[in-house]
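1. Predicted model and sequence follow; I will ask about them next.
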Amino acid sequence: MLLDQIEKHRVRVLLNRVNRWRDRMRAMSDEELQNQTAILREQLAKGKTLEQILPRAYATVREADYRILGLFPYDVQVMGAIVLHKGYIAEMKTGEGKTLTATMPLYLNALEGKGAMLVTPNGYLAERDETQLAPVYEWLGLTVSTAFRKLSDSKGQSEKKISAAEKRSWYNSDIIYTTASGLAFDFLFNNLETEKANQYLRPFNYAVIDEVDEVLLDEAESPFVVANSPTVLSNLYQAADDFVTSLIPKRDYRLKRRDNAVWLTYHGVRKAEAYFRINNLYDASSREIYRHIALALRAHFFLKNGHDYLVTDGKVVLLDEADGRLKKGIKVSTGLHQAIEQKEHVDLTENQRTAASITFPSLFGLFNKVSGMSGTVKVSEEEFINVYNMKVIQIPTNKPVIRRDLPDKIFVTTADKLMAAINQTIAFHKIGRPVLLVAGSVENSEIISELLLNHGIVHNVLNAFNESREAAMIREAGQQGAVTVATNMAGRGTDIKLGKGVKEKGGLAVIGTEMLSERVKLQLAGRAGRQGDPGTSQFYISLEDKYISQASTARFKNYYRHLIAKKNDGKPIIQLHGPRIRFSLLMLQNRVSSNAEEARKQTNKYETTMKLQRKSFHEIREHVITSKNLEQTVQRWIDEGIDELLKRNSQKSLNEIRNMINRHFTYNDIEIPQPILSNPKQLKEFLKKLSNQILTQKRVQLINEEQLNRFYRKALLAAMDEGWTDQVDYLTKLKAYIDGWGAMGRDPGYIYQVRAFNQFEQMLREVKINTINKLLLSTIGINEKQQLIVSFN
Ligand SMILES: Nc1ncnc2c1ncn2[C@@H]1O[C@H](COP(=O)(O)OP(=O)(O)OP(=O)(O)O)[C@@H](O)[C@H]1O
């Protein structure tokens with residue numbers, strides 16, 4: 001608390017220093033103001049720190065914001081901007097103008113020439129913000145871009161592959177607006193490139209993460225995955241799916257939604273053994289069957305169409321749990337995607353191996369400095385401090401918030417709550433108040449839409465199906481009498497402006513129709529009452545909501561059954577009142593959020609191991625990709641590879657050695673002098689000589705040293721990337737495999753670490769052997785353009 005006060009005091013001191021510049025900046029001509037960028041850069045060059053030039057820099061942007069956009073950042077926004085520069089998290093209430101706030105730290109940190117990024121959870125926000133603010137930065141002499149092809153520029157060419165040069169120009173801009181997922185994918189692909197010329201990222205410097213709780217908490221657990229080299233598709237998906245649909249609840253399997261767990265009972269296990277004709281389901285030889293059953297169980301009991309994914313055009317597309325958008329291009333790894341496809345009876349996509357993966361927490365761990373902003377972070381402050389070492393500073397609002405967040409209305413069934421919510425919508429609509437009606441899933445948004453149509457109410461539907469009309473719908477949503485049905489896609493960053501006469505009627509009414517976590521709820525409520533506007537929010541929830549059913553206790557379930565029985569006896573709509581039910585729901589909410597926090601901690605533990613391995617792997621890779629002379633590396637790796645091969649071929653019979661030579665060195669018959677077989681030293685010398693002979697033969701086909709180096713590089717990288725793909729794939733599967741072990745009293749984090757480490761060492765040894773293969777068994781040639789062509793077997 002005291003520290004908090006001290007920190008806030010420091011922020012105020014800096015704010016005063018920014019304010020002292022205000023009149024001087026106002027008096028400057030445009031030219032003088034624009035010239036500040038050069039002055040500030042010069043001060044940096046002369047050794048001043050960013051902190052020292054902050055007041056002048058912030059005052060410059062502030063004035064530029066005013067001259068270009070007509071918006072002069074308020075004192076509270078400058079305070080938020082100071083917090084962002086320090087690498088902390090600024091909690092600024094919804095609608096306080098975080099977009100404008102970010103202009104200050106981005107400008108300041110970009111002055112060093114190492115790049116400053118604004119990362120948002122979705123492309124709509126990144127593009128909107130960049131378009132709005134680019135004129136300010138450009139006016140001040142900085143370059144700015146989105147790190148993706150803008151929807152507005154990409155007419156007809158969105159299919160065209162984006163060149164490395166184009167991407168490089170984005171990422172070399174002073175200020176970059178992008179999405180967290182776009183950045184994750186670009187990072188992974190950039191690392192898989194085998195030529196420096198095809199890489200486009202520079203080292204990450206400074207980032208402001210918008211909606212930081214969504215990025216670093218809600219999405220912390222789902223890794224971004226790049227897949228390659230399809231593996232054989234297993235027909236076990238269908239068998240496992242058929243098997244799971246034949247199971248009898250309780251007798252064959254048990255379901256514990258609260259712990260997110262489902263497992264086979266003794267009966268179920270026997271049934272599986274009979275079904276798959278095996279002796280022991282838990283035997284190592286049945287591991288694949290076990291894995292497929294586990295996947296099918298998960299697909300059937302935990303993932304729901306319309307909730308977790310959509311089936312469109314015969315394809316399964318995942319929905320982002322946090323914001324209800326389609327997660328294009330992302331697949332659940334380890335076969336769960338195929339298990340869902342099998343369940344939905346659509347064609348199975350190819351099963352792919354994970355080539356590289358990263359989670360948001362480790363992606364942002366690569367930046368020199370990271371800060372964040374959101375309207376709803378204080379509740380998770382402890383986690384931010386413990387896990388990310390980021391302080392949270394609350395910024396006061398510019399004008400008092402007068403929005404009223406009314407207490408939840410609680411119903412027993414889904415039907416009851418939807419009807420009540422619709423009736424309320426109709427009442428608001430009658431008096432001309434705009435309503436944002438938020439559905440818990442795509443499926444519910446369509447049901448609500450139909451019900452509204454039955455009442456003759458014209459409305460817009462904003463869900464993952466019509467994302468393209470988002471901007472237009474948001475523009476209409478605050479007008480008199482407008483009704484907008486949306487999934488929680490409209491939950492973050494959506495700036496709904498009130499139309500004429502709406503304030504007098506009470507502002508926007510947000511009506512939620514699903515129990516949600518406190519943070520998501522606050523975000524949705526925050527679509528109303530922005531910038532001191534009037535507005536209300538109220539949530540209509542039922543005991544059947546997913547959030548409740550996944551976490552409810554036996555007592556709670558009995559209570560629900562009792563109420564349903566009453567309802568079946570003819571009682572119409574049952575609404576629940578009183579402190580007891582509210583208290584129970586509060587407890588339930590706490591339980592869900594602490595479970596989620598635990599799960600994130602576990603994932604972060606796994607990820608730390610991955611991070612270390614990724615780092616050491618990429619250090620080696622960076623050496624290979626940049627080195628102009630790889631001769632020594634090649635010799636050393638061949639040497640180590642031979643040692644490893646000899647260790648593995650312990651017998652050293654003539655046949656064994658001949659086989660080894662044919663598998664790794666050359667397909668030709670080689671004369672092996674008998675006596676060396678019993679002398680390891682001589683044998684090693686022999687193999688080294690052999691590899692040098694083969695390399696010399698290759699060398700003569702090459703034109704110059706540079707081409708030789710290129711050949712070396714291609715061979716080493718091919719060997720390394722294969723090894724790394726196996727490693728990442730192994731780690732992904734390992735994680736899925738041991739994740740449930742905690743329930744059995746073992747520490748999955750520890751087991752993971754030990755196995756992951758051993759496998760990494762093993763992988764490095766494997767790479768050395770594979771290097772011999774790539775170098776010696778490949779064929780090379782020069783094409784008519786005098787370019788090197790290498791083909792690996
Ligand atoms: N200094 C200012 N002067 C006048 N209007 C402002 C100022 N700053 C922001 N606004 C306006 O306030 C509205 C809300 O801004 P913005 O959408 O950036 O809020 P936000 O904090 O990002 O909200 P959310 O938490 O919902 O993402 C916008 O319409 C913006 O133009």
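-> Thanks, I have it. Fair warning: this is a prediction, and the values are worked out from it, not measured in the lab. Numbers count the residues shown, from 1 in each chain.
2. in the stretch 51-200 of the chain, what spans have low per-residue confidence?
-> Where the stretch 51-200 of the chain drops to pLDDT under 70, the residues are 151-160.
3. if you skip the residues just before and after it, what's nearest to residue 279?
-> Among residues not flanking residue 279 along the chain, residue 273 sits closest, at 6.7 Å (C-beta to C-beta, 6 or more residues apart in numbering). For the C-beta atoms, the positions are set from N, CA and C on the backbone; glycine is no exception.
4. Could you check which helix or strand contains the one you found?
-> Take DSSP states H and E as the rule and residue 273 turns out to sit in helix 266-275.
5. now residue 60
-> Using DSSP H and E, residue 60 falls in helix 50-69.
6. Residues in contact with that helix: which ones?
-> Helix 50-69 has contacts (C-beta atoms under 8 Å, 6 or more residues apart in numbering) with 14, 17-22, 24-26, 28, 30, 33, 36-37, 39-40, 43-44, 71-73, 78, 81-82, 85, 100, 103-104, 107-109, 111-112, 132-133, 135-136, 139-140.
7. What residues sit buried inside it?
-> 50, 53-65, 67-68 (16 or more other C-beta atoms under 10 Å).
8. Buried residues in the following helix or strand past the helix holding residue 273, which are they?
-> Using DSSP H and E, the next helix or strand after helix 266-275 towards the C-terminus is helix 287-302. For helix 287-302, a neighbour-count test (16+ other C-beta under 10 Å) marks 289-300, 302 as buried.
9. elements contacting the next helix or strand after helix 287-302?
-> Following helix 287-302 in sequence order, the next helix or strand is strand 309-312 (DSSP H and E). Under the contact criterion of 3 or more C-beta pairs under 8 Å, 6 or more residues apart in numbering; DSSP states H and E, strand 309-312 touches strand 315-318.
10. which stretches of the stretch 301-450 of the chain form strands?
-> 309-312, 315-318, 352-358, 369-374, 392-394, 404-405, 409-411, 435-438 (DSSP state E, counting those that start in this stretch).
11. Which one of the ones you listed lies nearest to residue 451?
-> Among the strands of the stretch 301-450 of the chain, strand 435-438 comes nearest to residue 451, with 10.2 Å by C-beta to C-beta.
12. quick revisit: now, of the contacts of helix 50-69, which are buried?
-> Neighbour counting by 16+ other C-beta under 10 Å classes 14, 18, 21, 25, 28, 33, 36-37, 40, 43-44, 71, 73, 78, 81-82, 85, 100, 103-104, 107-109, 111-112, 133, 136, 140 among the contacts of helix 50-69 as buried.
13. Among those residues, name the ones in helices.
-> Of the buried ones among the contacts of helix 50-69, the ones assigned to helices by DSSP state H are 14, 18, 25, 33, 36-37, 40, 43-44, 78, 81-82, 85, 100, 103-104, 107-109, 133, 136.
14. For the ligand, what's its nearest residue on this structure.
-> Closest approach between the chain and the ligand, counting by C-beta to the nearest ligand atom: residue 97, at 2.6 Å.
15. in terms of contact, does that residue touch residue 73 like I think?
-> Yes - under the criterion of C-beta atoms under 8 Å, residue 97 makes contact with residue 73 at 7.5 Å.
16. Out of the helices and strands in the protein, which is least certain?
-> strand 224-230 (a mean of 62; mean pLDDT, DSSP states H and E).
17. contacts with the ligand among the ones in helices among the buried ones among the contacts of helix 50-69, please.
-> Residues of those in contact with the ligand (C-beta under 6 Å from any ligand atom): residue 100.
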